[in-house]
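Chemist: the following block contains a protein sequence and its predicted model.
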Amino acid sequence: MRKPIPVLRGMQALGGLAPERTAVTINVVTVFGGSGFLGRHVVERLRGREFSVRIASRHPERSRRLLGTDDPRLQSIEGDVRNERSVAAAIAGAHAVINSVSLYVERGGATFHCVHVESARRVAAQAQRAGIKHLIHVSGIGSNAGSRSLYIRKRGEGELAVRAAFPNSIIIRPAVMFGPDDAFLTTMLGLLRRLPIYPMFGSGLTRLQPAHVEDVAEAIVRALQQTVSTSTATLECGGPGIYTYEQLLRLIARKAGLKPILIPVPFVVWQALAWSAEMMPSPPITRNQVELMQIDTVTSPEMPGLRDLGITPRAVEETLQEILRLH
């Protein structure tokens with residue numbers, strides 16, 4: 001196992017992680033949402049640190065197929081964050097819990113409040129009751145309990161619920177994440193190739209600070225290895241570059257050798273299109289995605305982040321070259 005990374009001053013100053021340089025030995029980590037985009041990378045990072053990992057999901061057979069390995073340190077188990085007994089069973093005997101479950105489209109009983117608030121509180125409360133040493137809750141940059149957007153508001157309320165139930169929890173707020181197997185850069189590249197006239201969100205002025213999914217996963221694991229004090233910590237994970245939406249589109253197009261015509265489309269039109277799309281089994285766009293594109297998702301200079309954990313964030317340009325080779 002790698003030597004734990006010492007806590008840096010940037011985090012100490014904000015009262016996040018403790019100044020002690022020794023880390024608690026962690027054997028078993030339960031990961032809720034471990035089969036998702038971020039969760040899969042978190043599991044791989046934990047595996048590389050020789051931790052034993054429980055991947056808890058409602059459909060463990062899907063996780064087993066995704067694992068594609070007989071590693072005895074990886075276990076796919078049933079774990080439904082909406083069920084108290086299921087959560088308790090999934091974390092029993094674990095030293096740490098990571099909750100990376102998220103919801104982007106409400107369907108039936110799976111609402112933003114149910115998943116991002118009630119379920120987040122349930123995981124935190126059960127972790128506190130079980131004496132779990134570390135709890136990491138994955139939220140997102142821009143989460144705000146006072147937002148008019150239902151999705152953004154519930155992510156913010158979820159953070160408050162987690163902190164109330166597990167005071168020493170660590171909250172990770174990633175910016176929009178990218179990687180070779182993402183649904184962000186890959187999707188935009190595919191659309192740019194198909195659409196000579198490309199409709200932008202609004203005027204294309206929304207600012208983004210995309211973070212590589214592996215950098216975010218590494219941040220989660222490094223945060224997990226620290227000794228947590230009675231104070232709380234929130235880390236915002238963003239990449240090295242800040243782009244307007246239009247700048248990012250032009251960057252992708254240039255790297256791909258494309259010359260699209262970019263036209264602004266009002267957000268009210270996108271909302272109507274997303275409302276219709278959500279009736280599909282796998283909607284290409286959702287209303288919450290449109291809402292997120294109306295706010296800047298960049299890290300705050302007052303908040304600790306990747307560099308405070310000794311992580312040099314990877315640039316979009318580097319991964320674009322890899323995506324272009326794959327597609």
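Modeler: Yep, it's here. Numbers count the residues shown, from 1 in each chain.
Chemist: wait, what's in contact with Gly93?
Modeler: Val28 (CB atoms under 8 Å, 6 or more residues apart in numbering). For every residue, glycine as well, the C-beta is placed using N, CA and C.
Chemist: now do the phi/psi pair for Pro174.
Modeler: Backbone torsions of Pro174, given as degrees, to the nearest 10, read phi -80, psi 150.
Chemist: are we agreed that Leu135 is in a helix?
Modeler: No. With the criterion set as DSSP: H, G, I helix; E, B strand; the rest coil, the secondary structure at Leu135 is strand rather than a helix.
Chemist: give me the neighbour count for it.
Modeler: For Leu135, the number of neighbouring residues by other CB atoms under 10 Å comes to 25.
Chemist: ok, now which ones touch Gly305?
Modeler: Contact criterion CB under 8 Å, 6+ apart gives 219, 235-238, 299 as the residues in contact with Gly305.
Chemist: in the stretch 201-327 of the chain, which spans are helices?
Modeler: Taking DSSP state H, counting those that start in this stretch to define them, one finds helices in the stretch 201-327 of the chain at 213-224, 245-255, 267-277, 287-292, 316-326.
Chemist: burial count for Ala256?
Modeler: Taking other CB under 10 Å as the neighbour definition, Ala256 ends up with a count of 17.
Chemist: gap between it and Arg163?
Modeler: In this view, Ala256 and Arg163 are 43 Å apart by CB to CB, to the nearest Å.
Chemist: strands of the stretch 51-200 of the chain, start to end?
Modeler: Here the stretch 51-200 of the chain has its strands, by DSSP state E, counting those that start in this stretch, at 52-57, 74-78, 96-99, 134-138, 170-174, 177-178, 197-201.
Chemist: what's the closest non-adjacent residue to His134?
Modeler: Nearest residue to His134, sequence neighbours excluded (CB to CB, 6 or more residues apart in numbering): Ala96, at 4.0 Å.
Chemist: returning to that earlier point: out of the helices of the stretch 201-327 of the chain, which comes closest to Thr111?
Modeler: Across those, the minimum distance to Thr111, taken as CB to CB, is reached by helix 287-292, at 11.9 Å.
Chemist: hey, C-alpha coordinates of the closest one in CSV?
Modeler: These are the backbone C-alpha positions of helix 287-292, laid out as CSV (Å, rounded to 0.1, in the frame of the first residue of the first chain):
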residue,chain,number,x,y,z
ARG,A,287,-34.0,19.4,-18.0
ASN,A,288,-31.5,19.3,-15.1
GLN,A,289,-28.7,19.2,-17.6
VAL,A,290,-30.1,22.3,-19.2
GLU,A,291,-30.4,23.9,-15.8
LEU,A,292,-26.8,23.1,-15.0
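Chemist: which helices and strands sit right next to it?
Modeler: helix 150-165, helix 267-277 (3 or more CB pairs under 8 Å, 6 or more residues apart in numbering; DSSP states H and E).
Chemist: isn't the residue nearest to His134 right next to Val29, touching?
Modeler: Yes. At 4.6 Å, Ala96 and Val29 qualify as touching, with contact defined as CB atoms under 8 Å.
Chemist: for Leu205, what are its contacts?
Modeler: By CB under 8 Å, 6+ apart, the contact list for Leu205 reads 244-246.
Chemist: should've said His113
Modeler: Each residue near His113 by CB under 8 Å, 6+ apart is listed here: 154, 157.
Chemist: follow-up on the earlier one: check contacts around the residue nearest to His134.
Modeler: Going by CB under 8 Å, 6+ apart, Ala96 touches 26, 28-30, 132-136, 224.
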